[in-house]
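1. Coordinates for the following, if possible.
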Amino acid sequence: MLHDNVTPYKNNNPKKEQVAQMFDNIANRYDFLNGLLSMGTHKGWRKKCVNLLKTKQPKIILDVATGTGDFAIECAKLDPTKIIGIDISDGMMQFGREKIKKLKLENLITLENGNAETVDFPDNMFDAIVVGFGVRNFQNLEKGLENLYRVLKPNGQLVILEFSYPRNWFIKGLYNFYFSYITPAIGKIFSKDNRAYTYLTESVKAFPNNENFITILNKLKYKNTNFKSLSFGVAAIYYAEK
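-> So this is what the prediction gives:
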């Protein structure tokens, strides 16, 4: 199955539009469901990502597929001068902006509509780019990663957090069951969008994870590429430099 062919709704709209609609639909329950479905582990995963950036001391950071802003907020601990979050779902960013305001971080973090493939920031603008659970949703994976390479400064760091697929047969069995039955059922109850959490499972299965994703990064000229499996292979952190 081609990754780019997996879409939330079975209609003819571009994947980008379908993903935006899906996230708008679930925006008001997203944070709650994220915590519930990952049993809180996603917070620890994001912390690990931010720790990888500490030695670089990035000053200008781009958070792609920022959603409700959690990754951008975590990046604020790096003491940068500017964080820009982009997302295609205005519904999600609305909740993100409220969070940022409550934390009094609105002078540091701004959220704006945009996506990896078409965002037109100047070349070599960002010291670091983070993407949390967003690359699966790129309409064109390579085009998106190529554009991020363009806006990253030389030696700047890209850190991607994404769901992965466990290798251990026992964990894989549990994971498949949880993702195929439990996740969509809970998603259905709380989000009122039947497709959102079924799409999650399909897109994770279709995503070129682990070494396959590293191969794509290498092909696009990223250097020092590597990945780290998290929680028995349920997720992975990919990191690379320009």
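2. Regarding this structure, what is its longest helix?
-> Criterion DSSP state H: the longest helix present in the chain is helix 15-37.
3. tell me what that one is packed against?
-> helix 90-102, helix 183-191, helix 196-206 (3 or more CB pairs under 8 Å, 6 or more residues apart in numbering; DSSP states H and E). Quick note: C-beta positions are derived from backbone N, CA and C, even for glycine.
4. Return the alpha-carbon coordinates of the first one using PDB.
-> Taking only C-alpha atoms (Å, rounded to 0.1, in the frame of the first residue of the first chain), the coordinates of helix 90-102 have been written out as PDB:
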ATOM      1  CA  ASP A  90      -7.300  25.900  12.200                       C
ATOM      2  CA  GLY A  91      -9.500  24.100  14.600                       C
ATOM      3  CA  MET A  92      -6.600  22.400  16.300                       C
ATOM      4  CA  MET A  93      -4.500  25.600  16.400                       C
ATOM      5  CA  GLN A  94      -7.400  27.500  18.100                       C
ATOM      6  CA  PHE A  95      -7.000  25.200  21.100                       C
ATOM      7  CA  GLY A  96      -3.200  25.500  20.900                       C
ATOM      8  CA  ARG A  97      -3.400  29.300  21.000                       C
ATOM      9  CA  GLU A  98      -5.500  29.100  24.100                       C
ATOM     10  CA  LYS A  99      -3.000  26.900  25.800                       C
ATOM     11  CA  ILE A 100      -0.100  29.200  24.800                       C
ATOM     12  CA  LYS A 101      -1.900  32.200  26.100                       C
ATOM     13  CA  LYS A 102      -2.600  30.500  29.500                       C
END
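5. Quick one: list the elements packing against that helix.
-> Here helix 90-102 touches helix 15-37, helix 70-75, strand 82-87, strand 109-113, going by 3+ CB pairs under 8 Å, 6+ apart.
6. continuing past the shortest one, what's the next helix or strand?
-> I take that to be strand 109-113. strand 126-132 (DSSP states H and E).
7. Now tell me what touches that next one from outside.
-> 46, 49-50, 53, 56, 58-67, 70-71, 75, 80, 116, 148, 151-153, 156-162 (CB atoms under 8 Å, 6 or more residues apart in numbering).
8. Tell me which of the helices and strands packed on helix 15-37 is the most buried.
-> For the helices and strands packed on helix 15-37, the largest average neighbour count (mean count of other CB atoms under 10 Å) is found in helix 196-206, namely a mean of 20.
9. Measure how it sits relative to helix 183-191, angle-wise.
-> Going by axes from the mean of the first three to the mean of the last three CA atoms, to 10 degrees, helix 196-206 is angled at 150 degrees with respect to helix 183-191.
10. remind me which residues of this structure are low pLDDT?
-> The chain contains residues with pLDDT under 70 at 1-4, 37-38.
11. So how do I select the buried members of the contacts of strand 126-132 in ChimeraX?
-> In ChimeraX syntax, the buried subset of those is picked out as below (16 or more other CB atoms under 10 Å):
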select :46,49,50,53,58,60,61,62,63,64,65,66,67,70,71,75,80,116,148,151,152,153,156,157,158,159,160,161,162
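12. gap between stretch 58-75 and the chain center?
-> Centroid separation for stretch 58-75 versus its chain: 10 Å, with CA atoms, centre = their mean, to the nearest Å.
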